[in-house]
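**Q** next comes the sequence, and after it the predicted model I'd like to discuss.
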Amino acid sequence: MFTNTNFTQLTITADKNIYFLSDFHLGAPNAAASLQREKKIVQFLESIRNQTAQLFIVGDMFDFWFEYKTVVPKGYIRLLGKLAEFSDAGIPIHFFVGNHDMWVRDYFEKELGFIIYFEPTYFEFNNKKFLVGHGDGQGPGDYKYKFLKKIFRSPLCQWAFGVIPPAIGMGIANYFSHKSRSVASQKGEEVFLGEANEWLIIYSKEILQHTPVDYFIFGHRHLPINFNLPGKSKYLNLGEWINFNSYAVFDGSQTTLQYYNP
């Protein structure tokens with residue numbers, strides 16, 4: 001159970017918003033579809049740039065990502081260039097490591113000024129309390145994944161993968177990555193399982209027993225969800241950008257789930 005309840009406090013002005021996005025899964029299911037999606041995301045980011053106080057990317061920006069010591073994966077230059085514009089303009093970019101890009105090291109931090117998070121983190125914006133995280137491995141169940149996550153995130157595992165030639169390692173990783181739930185999401189198979197079976201709803205309720213939170217913001221689930229919790233709290237799942245183009249916006253007083261339809 002995640003128990004660090006220190007709140008990072010930030011204030012935004014009346015004419016600015018905080019935006020939350022997740023699960024771009026760039027690279028899936030193929031280069032052509034990924035490029036089309038990347039261009040759409042860049043178009044969206046450009047449309048909100050002047051209204052953005054803080055930008056949160058809540059995991060799985062890529063379908064797979066691994067940083068070798070001196071090598072990073074090819075592609076995604078349009079998105080990375082646009083994020084560099086945000087960073088150079090003084091807009092903080094918060095990046096939460098997801099299960100598909102868990103092998104992030106320091107490239108985004110050094111080149112783009114990202115603030116990197118590996119666990120759910122508490123924030124307070126304009127006296128509203130948030131808990132933000134990718135969402136993988138939280139809540140009850142899924143013990144096999146939780147065990148594998150500890151192994152994959154270990155320095156030994158990262159070192160072992162790093163000594164494999166990139167052409168072989170990336171090929172293996174992309175094969176298994178494409179077989180994961182991002183592919184199921186392309187088929188529109190995600191459905192709401194009900195309050196008693198949604199792990200992140202259960203997890204949010206457990207947090208509320210000891211820490212007041214106004215908004216729980218997660219990704220990973222691949223389904224846009226806006227669910228009312230006890231005490232006027234809300235759980236919002238950000239969905240993904242393969243089918244839904246969904247995201248959340250905090251305007252200084254309330255957080256809403258929205259959709260981009262250019």
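**A** Alright, I've got the coordinates. Numbers count the residues shown, from 1 in each chain.
**Q** show the pLDDT at the closest residue to Phe244 other than its chain neighbours.
**A** Excluding the flanking residues, the one nearest Phe244 by CB to CB, 6 or more residues apart in numbering is Pro224, at 5.4 Å. (Each C-beta comes from the backbone N, C-alpha and C, glycine too.) The model reports Pro224 with a pLDDT of 97.
**Q** how many neighbours does Pro224 have?
**A** 21 (other CB atoms under 10 Å).
**Q** do I have it right that it meets Leu257?
**A** Yes. Judged on CB atoms under 8 Å, Pro224 makes contact with Leu257 at a distance of 5.7 Å.
**Q** between these two, what contacts are shared?
**A** Here Pro224 and Leu257 have 238-239, 246 as joint contacts, going by CB atoms under 8 Å, 6 or more residues apart in numbering.
**Q** which one of these sits closest to Phe20?
**A** Using CB to CB, Leu238 is the member of the shared contacts of Pro224 and Leu257 that lies nearest Phe20, at 5.8 Å.
**Q** need the contact list for the residue nearest to Phe250 when sequence neighbours are not counted.
**A** Spatial nearest neighbour of Phe250, chain neighbours left out: Ile18 (4.3 Å); criterion: CB to CB, 6+ apart. Ile18 is in contact with 12, 52-56, 125, 249-250, counting by CB under 8 Å, 6+ apart.
**Q** next, count neighbours for the closest residue to His210 other than its chain neighbours.
**A** Of all residues not flanking His210 in the chain, Thr5 sits nearest, at 7.8 Å (CB to CB, 6+ apart). Neighbour count of Thr5, defined by other CB under 10 Å: 13.
**Q** gap between Thr5 and Thr11?
**A** For Thr5, the distance to Thr11 (CB to CB, to the nearest Å) stands at 20 Å.
**Q** and Val72, how close does it get to Leu208?
**A** 39 Å.
**Q** try Asp136
**A** Taken as CB to CB, the span from Asp136 to Leu208 is 20 Å.
**Q** the more surrounded of the two?
**A** Asp136 (23 against 17).
**Q** the more buried one in helix, strand or coil?
**A** On the three-state scheme (DSSP: H, G, I helix; E, B strand; the rest coil), Asp136 is labelled coil.
**Q** for Pro249, give me its contacts.
**A** Check again: residue 249 is Val, not Pro. Per CB under 8 Å, 6+ apart, neighbours of Val249: 17-20, 255-256, 258.
**Q** now do the SS call for it.
**A** Strictly by three-state DSSP, Val249 counts as strand.
**Q** read off the pLDDT value for it.
**A** Val249 is assigned a pLDDT of 98 by the prediction.
**Q** which residues touch the closest residue to it other than its chain neighbours?
**A** Leaving aside its chain neighbours, Val249 sits nearest to Asn17 (5.2 Å; criterion: CB to CB, 6+ apart). Applying CB under 8 Å, 6+ apart to Asn17 gives the contacts 48, 51-53, 249-252.
**Q** how close does Asn17 get to Ile91?
**A** From Asn17 to Ile91 the distance is 11 Å (CB to CB).
**Q** where do the contact lists of these two overlap?
**A** Shared contacts of Asn17 and Ile91 (CB under 8 Å, 6+ apart): 52-53.
**Q** narrow the contacts of Asn17 to just the buried residues.
**A** 48, 52-53, 249-250, 252 (16 or more other CB atoms under 10 Å).
**Q** rebuild the residues you listed as TSV, extending it with distance to Phe218.
**A** TSV is the format used below for those (distance: CB to CB, whole Å):
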residue	distance to Phe218
Ile48	21
Thr52	20
Ala53	21
Val249	16
Phe250	15
Gly252	21
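**Q** flag the helix or strand of the chain with the lowest per-element mean pLDDT.
**A** The weakest-scoring helix or strand in the chain, judged by mean pLDDT, DSSP states H and E, is helix 181-186 (a mean of 50).
**Q** quick one: buried residues of the helix or strand following it?
**A** Beyond helix 181-186 in the direction of the C-terminus, DSSP states H and E gives the next helix or strand as helix 199-208. Buried positions in helix 199-208, judged by neighbour count with 16+ other CB under 10 Å: 199-201, 203-205, 207-208.
**Q** thanks a lot, see you next time.
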